[in-house]
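**Student:** Kindly generate the corresponding structure for this input.
(chains A and B)
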Amino acid sequence: MSVVIRRLLIDALKPREIPITELSKAICSAKGVREVDVVVTEVDAKTETVKITIVGQNIDFDEVAKIIAQNSVAIRSVDQVVVRRTRRVV
Amino acid sequence: MPLRLAKAEEKLRSLRRKLDDFEKMLMISGVLEICRRYFVMNMFDGALAALGVIMGMWISGIADSRAIVRTVFSAGLAMFISGALGAYLTERAERERKLRELEEATFQDMRGSIYERSSRLAVLVVSVVDGISPLMACTISIIPFTLSQVLAVDFTTAALASFFVSTTMLGALGYLLGRTAGEKPLEYVVFMVLVGIASAIVIVLLGTHI
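**Tutor:** Got it, this is the predicted structure:
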């Protein structure tokens, strides 16, 4: 039995120069991630607030957080988590 | 054999990743636009400076190709050092300030992030372009004088060829500007060539009266 993360909703702040296409592609390359949805919710002079929805079979949060930081994006909060208990380790 | 092939494929993939990363950093830093601006600006500087030195030596009666090559190339080297160092220091200061501001805005340490690496790459690329463009212009301008030593061509022919090369170079820069502006490149070409010719006339007229 193990508990795996299936869905994450992250509220983050990113520099305006970082394109969301590149950011989403980078996050999607993380282990266990199947789909990434990035929406810009607020635009500031230097930064943009983005809502990142990550869907996958077994999301490795640490890896996702590392990729997000490497892309110069700051996680402000994790607003939603969907986890599932599975019979076998995925 | 398959192991070697697998290793080669892995190396190729790694190279591709690095190239993608490089391209991404160039895009994030917005350095291509800055470089295009610096390149045209400094090459224009270099071309006119070389033209000035060549015309100045010509009206002074120094009909020595080797002296011209050395003088113009030295001037180009000086412009390379001043351009590269100046751009390095100013661009670095600007990028550092921007990075600090962004760190404050996002409450995050940007060290090692793609934004910080892009900034460092931008500083390097901008200083290289800023330094190399006037040197390139000076080097191109003295090609006729270098060739004149090999082909035993007289000084006046070499000077005229150099003037032609310099104005052609200015015309090419005009074309590049016109393409960048998305307007008719011919107008920019004509303007730049006229600037070259006008500069030469001013140098000759003023130089003979000094």
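**Student:** Output the set of residues of chain B in proximity to chain A.
**Tutor:** Contacts of chain B with chain A, taken as Cβ under 8 Å from any Cβ of the partner chain, map to B:24, B:27-30, B:101-102, B:105-108, B:110, B:112-116, B:118. C-betas here are computed from N, CA, C, even on glycine.
**Student:** In PyMOL, select just the buried ones from those residues.
**Tutor:** Restricted to buried positions by 16 or more other Cβ atoms under 10 Å in any protein chain shown, the PyMOL selection for the residues of chain B next to chain A reads:
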select buried, chain B and resi 24+28+29+102+106+108+110+113+114+115+116+118
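**Student:** separation between B:Arg13 and chain A?
**Tutor:** Using Cβ to the nearest Cβ, to the nearest Å, B:Arg13 is found at 13 Å from chain A.
**Student:** Which of the helices or strands spans that residue?
**Tutor:** Using DSSP states H and E, B:Arg13 maps to helix B:2-29.
**Student:** tell me how far that helix is from the chain's mean position?
**Tutor:** Relative to its chain's centre, helix B:2-29 lies at 29 Å (Cα atoms, centre = their mean, to the nearest Å).
**Student:** repeat for stretch B:30-43
**Tutor:** For stretch B:30-43 - counting by Cα atoms, centre = their mean - the centre lies 8 Å from the chain centre.
**Student:** what about the residue positioned nearest the centre of chain B, which SS state?
**Tutor:** What sits nearest the mean C-alpha location of chain B, by Cα atoms, centre = their mean, is B:Ser133, with 1.6 Å. Per DSSP: H, G, I helix; E, B strand; the rest coil, the local secondary structure of B:Ser133 is helix.
**Student:** correct me, but it touches B:Asn42?
**Tutor:** Yes - in this structure, B:Ser133 is within contact of B:Asn42 by Cβ atoms under 8 Å, at 4.0 Å.
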